[in-house]
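Chemist: below are the sequence and a predicted model; questions follow.
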Amino acid sequence: MKITAKQQEIYVSTLWGAAITIQPGQVREVGDDLGYACLQAGCVEVKDEPAPKPKPKPKPKAKPKKARKKK
């Protein structure tokens, strides 16, 4: 999960001993458990922009079918 602080520096610590300081404008990638604690403290989740889809390739024109000769 990617998170950042909006306006001020945010310090988040958890019961299991993890701690992190988030600076405004600085994007940090953290695990989901610490990320949810940061969101509760006032951080904002940063979403990745989806990659643009490539343009579809033009399909080749179908060749005309030839009639089969009977044996």
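Modeler: The structure has been received and is ready for your questions.
Chemist: run a quick neighbour tally on residue 52.
Modeler: With neighbours defined by other C-beta atoms under 10 Å, the count for residue 52 comes to 6. C-beta coordinates here come from the backbone N, C-alpha and C atoms, glycine included.
Chemist: what distance do you get for it to residue 27?
Modeler: 21 Å (C-beta to C-beta, to the nearest Å).
Chemist: how about the helices in this structure?
Modeler: Taking DSSP state H as the criterion, the chain contains helices spanning 32-41.
Chemist: skipping adjacent residues, who's closest to the spatially most central residue of the chain in space?
Modeler: Centroid check for the chain by C-alpha atoms, centre = their mean gives residue 48 as the closest residue, at 3.5 Å. Closest residue to residue 48 apart from its sequence neighbours, by C-beta to C-beta, 6 or more residues apart in numbering: residue 2 at 7.4 Å.
Chemist: and the one you found, how many residues sit next to it?
Modeler: Residue 2: 13 neighbours (other C-beta under 10 Å).
Chemist: quick check: bridge partners of it?
Modeler: Under the criterion DSSP bridges, residue 2 forms beta bridges with residue 29.
Chemist: got a list of what it touches?
Modeler: Residue 2 makes contact with 27-30, 45-48, according to C-beta atoms under 8 Å, 6 or more residues apart in numbering.
Chemist: kind regards, and thank you for your time.
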